[in-house]
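Engineer: with the input below, show me the fold.
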Amino acid sequence: MKKYDIILFDVDGTLLDFHAAQENALKMAFEKHNYELNDNVKTIYDEINHSLWNQYEQGKITKEEVIYTRFVTLFARLGLEGDGVAFEDEYQELLGQGHDLIDGAMEIIDTLSKTHDLYIVTNGVTKTQRSRLKASGIDQYMKDVFISEETGFQKPMREYFDYCFARIPDICQERTLIVGDSLSSDILGGNNAGIDTCWFNPFHLSCDLDVKINYEIKKLSELLHIVN
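Structural biologist: As a prediction, the model looks like this:
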(Lines give C-alpha, C1' and ligand atoms only; values in the text may rest on other atoms or scores of the structure.)
Protein backbone atom coordinates (compact mmCIF):
# COMPACT_ATOMS: atom_id res chain seq x y z
CA MET A 1 0.00 0.00 0.00
CA LYS A 2 1.40 3.39 -0.98
CA LYS A 3 2.10 5.88 1.79
CA TYR A 4 0.64 8.97 0.06
CA ASP A 5 -2.30 9.49 -2.28
CA ILE A 6 -1.90 13.21 -2.98
CA ILE A 7 1.27 15.11 -3.82
CA LEU A 8 1.44 18.91 -3.90
CA PHE A 9 4.24 20.24 -6.07
CA ASP A 10 5.81 23.67 -5.95
CA VAL A 11 6.76 25.03 -9.39
CA ASP A 12 9.80 27.31 -9.37
CA GLY A 13 12.99 25.58 -8.38
CA THR A 14 11.15 22.30 -8.00
CA LEU A 15 9.66 21.39 -11.40
CA LEU A 16 10.66 24.38 -13.52
CA ASP A 17 14.07 26.05 -13.65
CA PHE A 18 13.16 29.54 -12.48
CA HIS A 19 16.77 30.70 -12.36
CA ALA A 20 17.21 30.07 -16.09
CA ALA A 21 13.86 31.72 -16.89
CA GLN A 22 14.73 34.77 -14.79
CA GLU A 23 18.21 35.11 -16.27
CA ASN A 24 16.89 35.04 -19.82
CA ALA A 25 13.98 37.40 -19.11
CA LEU A 26 16.21 39.94 -17.36
CA LYS A 27 18.78 39.76 -20.14
CA MET A 28 16.23 40.37 -22.90
CA ALA A 29 14.39 43.12 -21.01
CA PHE A 30 17.57 45.01 -20.16
CA GLU A 31 18.90 44.66 -23.71
CA LYS A 32 15.66 46.05 -25.14
CA HIS A 33 16.13 49.25 -23.12
CA ASN A 34 19.92 49.36 -23.53
CA TYR A 35 20.41 49.04 -19.76
CA GLU A 36 23.57 47.40 -18.51
CA LEU A 37 23.00 44.08 -16.73
CA ASN A 38 26.09 42.99 -14.85
CA ASP A 39 26.69 40.89 -11.75
CA ASN A 40 26.35 43.92 -9.47
CA VAL A 41 22.95 44.82 -10.95
CA LYS A 42 21.80 41.20 -10.60
CA THR A 43 22.92 41.12 -6.96
CA ILE A 44 21.03 44.33 -6.13
CA TYR A 45 17.93 43.05 -7.93
CA ASP A 46 18.09 39.72 -6.09
CA GLU A 47 18.33 41.51 -2.74
CA ILE A 48 15.33 43.71 -3.52
CA ASN A 49 13.29 40.86 -4.96
CA HIS A 50 14.07 38.42 -2.14
CA SER A 51 13.16 41.00 0.50
CA LEU A 52 9.83 41.77 -1.17
CA TRP A 53 8.88 38.10 -1.59
CA ASN A 54 9.71 37.44 2.07
CA GLN A 55 7.39 40.26 3.08
CA TYR A 56 4.71 38.81 0.82
CA GLU A 57 5.04 35.34 2.36
CA GLN A 58 4.62 36.95 5.78
CA GLY A 59 1.44 38.69 4.62
CA LYS A 60 2.92 42.17 5.04
CA ILE A 61 2.49 43.27 1.42
CA THR A 62 0.46 42.19 -1.61
CA LYS A 63 1.60 40.39 -4.75
CA GLU A 64 1.07 43.60 -6.71
CA GLU A 65 3.37 45.46 -4.34
CA VAL A 66 6.06 42.83 -4.92
CA ILE A 67 6.06 42.91 -8.68
CA TYR A 68 5.32 46.58 -9.21
CA THR A 69 7.84 47.77 -6.62
CA ARG A 70 10.97 45.77 -7.43
CA PHE A 71 12.02 47.45 -10.69
CA VAL A 72 10.94 50.88 -9.47
CA THR A 73 13.23 50.36 -6.48
CA LEU A 74 16.01 48.90 -8.63
CA PHE A 75 15.96 51.79 -11.09
CA ALA A 76 16.08 54.27 -8.21
CA ARG A 77 19.07 52.45 -6.70
CA LEU A 78 20.87 52.43 -10.05
CA GLY A 79 19.94 55.98 -11.00
CA LEU A 80 18.16 54.83 -14.15
CA GLU A 81 15.42 56.92 -15.72
CA GLY A 82 12.81 54.37 -16.65
CA ASP A 83 9.25 53.25 -15.97
CA GLY A 84 9.66 50.38 -13.51
CA VAL A 85 5.99 49.45 -13.69
CA ALA A 86 5.95 49.17 -17.49
CA PHE A 87 9.28 47.32 -17.33
CA GLU A 88 7.69 44.75 -14.99
CA ASP A 89 4.96 44.03 -17.53
CA GLU A 90 7.57 43.46 -20.24
CA TYR A 91 9.61 41.27 -17.89
CA GLN A 92 6.58 39.11 -17.02
CA GLU A 93 5.85 38.50 -20.70
CA LEU A 94 9.43 37.35 -21.24
CA LEU A 95 9.45 35.31 -18.01
CA GLY A 96 6.35 33.46 -19.22
CA GLN A 97 8.40 32.07 -22.08
CA GLY A 98 10.84 30.36 -19.72
CA HIS A 99 9.78 26.77 -19.16
CA ASP A 100 12.97 24.74 -18.83
CA LEU A 101 12.36 21.70 -16.67
CA ILE A 102 14.37 20.70 -13.63
CA ASP A 103 16.30 17.52 -14.36
CA GLY A 104 14.01 14.52 -13.94
CA ALA A 105 10.83 16.58 -13.47
CA MET A 106 8.86 15.27 -16.44
CA GLU A 107 9.85 11.68 -15.72
CA ILE A 108 8.79 11.83 -12.08
CA ILE A 109 5.41 13.48 -12.66
CA ASP A 110 4.66 11.18 -15.59
CA THR A 111 5.36 8.16 -13.37
CA LEU A 112 3.59 9.45 -10.27
CA SER A 113 0.52 10.67 -12.15
CA LYS A 114 -0.33 7.04 -12.88
CA THR A 115 -0.64 6.20 -9.19
CA HIS A 116 -1.16 9.49 -7.35
CA ASP A 117 -3.21 12.67 -7.61
CA LEU A 118 -0.84 15.54 -8.37
CA TYR A 119 -1.49 19.25 -7.75
CA ILE A 120 0.44 22.47 -8.24
CA VAL A 121 0.82 24.92 -5.32
CA THR A 122 2.58 28.15 -6.29
CA ASN A 123 2.96 31.76 -5.24
CA GLY A 124 3.82 32.82 -8.77
CA VAL A 125 2.00 35.33 -10.98
CA THR A 126 -1.09 33.71 -12.54
CA LYS A 127 -0.61 34.64 -16.20
CA THR A 128 3.10 33.86 -16.12
CA GLN A 129 2.76 30.54 -14.29
CA ARG A 130 -0.07 29.22 -16.44
CA SER A 131 1.89 30.09 -19.58
CA ARG A 132 5.00 28.29 -18.32
CA LEU A 133 3.11 25.24 -17.07
CA LYS A 134 1.31 24.85 -20.40
CA ALA A 135 4.45 25.36 -22.48
CA SER A 136 6.37 22.81 -20.41
CA GLY A 137 3.56 20.23 -20.64
CA ILE A 138 3.40 19.87 -16.86
CA ASP A 139 -0.19 21.06 -16.57
CA GLN A 140 -1.62 17.98 -18.29
CA TYR A 141 -0.42 15.77 -15.43
CA MET A 142 -2.05 17.86 -12.71
CA LYS A 143 -5.51 17.44 -11.23
CA ASP A 144 -5.57 21.18 -10.49
CA VAL A 145 -3.33 24.22 -10.19
CA PHE A 146 -3.56 26.52 -7.16
CA ILE A 147 -1.96 29.94 -7.67
CA SER A 148 -1.86 32.33 -4.74
CA GLU A 149 -2.99 35.27 -6.85
CA GLU A 150 -6.27 33.43 -7.48
CA THR A 151 -6.77 32.09 -3.96
CA GLY A 152 -6.41 35.35 -2.06
CA PHE A 153 -3.78 33.78 0.20
CA GLN A 154 -0.22 32.57 -0.25
CA LYS A 155 2.16 29.92 0.98
CA PRO A 156 3.00 29.44 3.84
CA MET A 157 -0.38 30.68 5.14
CA ARG A 158 -2.68 28.03 6.57
CA GLU A 159 -5.56 29.80 4.75
CA TYR A 160 -3.91 29.10 1.40
CA PHE A 161 -3.84 25.39 2.10
CA ASP A 162 -7.37 25.43 3.49
CA TYR A 163 -8.44 26.87 0.13
CA CYS A 164 -6.61 24.08 -1.70
CA PHE A 165 -7.89 21.30 0.54
CA ALA A 166 -11.49 22.46 0.09
CA ARG A 167 -11.04 21.86 -3.65
CA ILE A 168 -9.24 18.51 -3.52
CA PRO A 169 -11.73 15.62 -3.53
CA ASP A 170 -11.49 13.09 -0.69
CA ILE A 171 -8.32 14.60 0.73
CA CYS A 172 -6.72 12.94 3.72
CA GLN A 173 -4.06 15.20 5.17
CA GLU A 174 -2.19 12.26 6.69
CA ARG A 175 -1.77 10.88 3.15
CA THR A 176 -0.79 14.17 1.52
CA LEU A 177 2.78 15.30 0.84
CA ILE A 178 4.14 18.68 -0.27
CA VAL A 179 7.34 18.81 -2.32
CA GLY A 180 9.25 22.06 -2.74
CA ASP A 181 12.61 23.80 -2.61
CA SER A 182 11.66 26.69 -0.32
CA LEU A 183 11.90 26.27 3.43
CA SER A 184 10.00 29.50 4.13
CA SER A 185 7.21 28.84 1.65
CA ASP A 186 6.80 25.11 0.96
CA ILE A 187 8.13 23.42 4.07
CA LEU A 188 6.79 25.97 6.56
CA GLY A 189 3.56 25.93 4.59
CA GLY A 190 3.33 22.17 4.93
CA ASN A 191 3.94 22.47 8.66
CA ASN A 192 1.19 25.07 8.97
CA ALA A 193 -1.16 22.86 6.97
CA GLY A 194 -0.47 19.75 9.01
CA ILE A 195 0.90 17.65 6.15
CA ASP A 196 4.20 15.88 5.57
CA THR A 197 6.97 17.75 3.78
CA CYS A 198 9.71 16.87 1.32
CA TRP A 199 12.48 19.42 0.87
CA PHE A 200 13.98 19.34 -2.63
CA ASN A 201 17.53 20.48 -1.93
CA PRO A 202 19.68 19.88 -5.03
CA PHE A 203 22.30 22.44 -3.99
CA HIS A 204 22.94 20.85 -0.57
CA LEU A 205 21.90 23.96 1.35
CA SER A 206 21.79 23.99 5.15
CA CYS A 207 18.46 24.40 6.89
CA ASP A 208 18.36 27.87 8.44
CA LEU A 209 14.72 27.87 9.51
CA ASP A 210 12.91 26.25 12.41
CA VAL A 211 10.76 23.86 10.39
CA LYS A 212 9.96 20.16 10.39
CA ILE A 213 11.32 18.37 7.33
CA ASN A 214 10.02 14.83 6.94
CA TYR A 215 12.16 14.03 3.91
CA GLU A 216 15.05 15.66 2.09
CA ILE A 217 16.01 14.78 -1.48
CA LYS A 218 18.74 15.92 -3.85
CA LYS A 219 17.14 14.49 -6.99
CA LEU A 220 13.44 14.34 -7.90
CA SER A 221 13.79 10.64 -8.75
CA GLU A 222 14.29 9.97 -5.03
CA LEU A 223 10.60 10.76 -4.53
CA LEU A 224 9.63 7.32 -5.81
CA HIS A 225 11.14 5.65 -2.74
CA ILE A 226 9.27 8.03 -0.43
CA VAL A 227 5.73 8.05 -1.76
CA ASN A 228 5.31 4.32 -2.43
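
Engineer: quick one, domains of the protein?
Structural biologist: Recorded structural domains for the chain (assignment: automatic domain parsing) are 6-16+101-227, 19-95.

Engineer: now, of those domains, which is deepest in the fold?
Structural biologist: For the domains of the chain, the largest average neighbour count (mean count of other Cβ atoms under 10 Å) is found in domain 6-16+101-227, namely a mean of 18. From N, CA and C alone the C-beta is placed, and that goes for glycine too.

Engineer: can you put the domains of the chain in a markdown table and add mean pLDDT?
Structural biologist: Below are the domains of the chain laid out as a markdown table (pLDDT from 0 to 100):
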| stretch | mean pLDDT |
| --- | --- |
| domain 6-16+101-227 | 98 |
| domain 19-95 | 97 |
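
Engineer: just to confirm, which helix or strand has I178 in it?
Structural biologist: In the assignment (DSSP states H and E), I178 maps to strand 176-180.

Engineer: what does the helix or strand following that strand contact?
Structural biologist: Elements were assigned by DSSP H and E; along the chain past strand 176-180, the next helix or strand is helix 188-193. Helix 188-193 is contacted by residues 121, 155-158, 160-162, 165, 173, 178, 180, 196-197, 209, 211-212 when judged by Cβ atoms under 8 Å, 6 or more residues apart in numbering.

Engineer: swap the cut-off to 7 Å and go again
Structural biologist: Residues from elsewhere that reach helix 188-193, judged by Cβ atoms under 7 Å, 6 or more residues apart in numbering: K155, P156, M157, R158, F161, I178, D196, T197, L209, V211, K212.

Engineer: list just the nearest of these to F9.
Structural biologist: Closest approach to F9 among the contacts of helix 188-193 (Cβ to Cβ): I178, at 7.9 Å.

Engineer: pretty sure that closest one contacts W199?
Structural biologist: No. Distance between I178 and W199: 9.6 Å, which falls outside the contact criterion (Cβ atoms under 7 Å).

Engineer: give me the element P156 is part of.
Structural biologist: Using DSSP H and E, P156 sits in no helix or strand.

Engineer: next up, phi/psi of it, please.
Structural biologist: The phi/psi pair for P156 (degrees, to the nearest 10) reads phi -100, psi 20.

Engineer: that one and Q58 touch, don't they?
Structural biologist: No. Counting by Cβ under 7 Å, P156 does not reach Q58; the two are 8.9 Å apart.

Engineer: all strands for this protein, in order.
Structural biologist: Per DSSP state E, the chain carries strands over the ranges 6-9, 117-122, 144-147, 176-180, 196-200, 215-217.

Engineer: save those as JSON lines, and put in distance to V227 too.
Structural biologist: Formatted as JSON lines, the strands of the chain follow (distance: least, Cβ to Cβ, whole Å):
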{"stretch": "strand 6-9", "distance to V227": "6"}
{"stretch": "strand 117-122", "distance to V227": "10"}
{"stretch": "strand 144-147", "distance to V227": "18"}
{"stretch": "strand 176-180", "distance to V227": "6"}
{"stretch": "strand 196-200", "distance to V227": "9"}
{"stretch": "strand 215-217", "distance to V227": "9"}
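
Engineer: for the helix ranked longest in the chain, packing partners?
Structural biologist: Counting by DSSP state H, the longest helix found in the chain is helix 39-57. Other helices and strands packing on helix 39-57, by 3 or more Cβ pairs under 7 Å, 6 or more residues apart in numbering; DSSP states H and E, are helix 63-78.

Engineer: quick one: contacts of the helix it packs on?
Structural biologist: Contacts of helix 63-78 (Cβ under 7 Å, 6+ apart): 41, 44-45, 48-49, 52-53, 56, 82, 84-85, 87-88, 125, 148-149.
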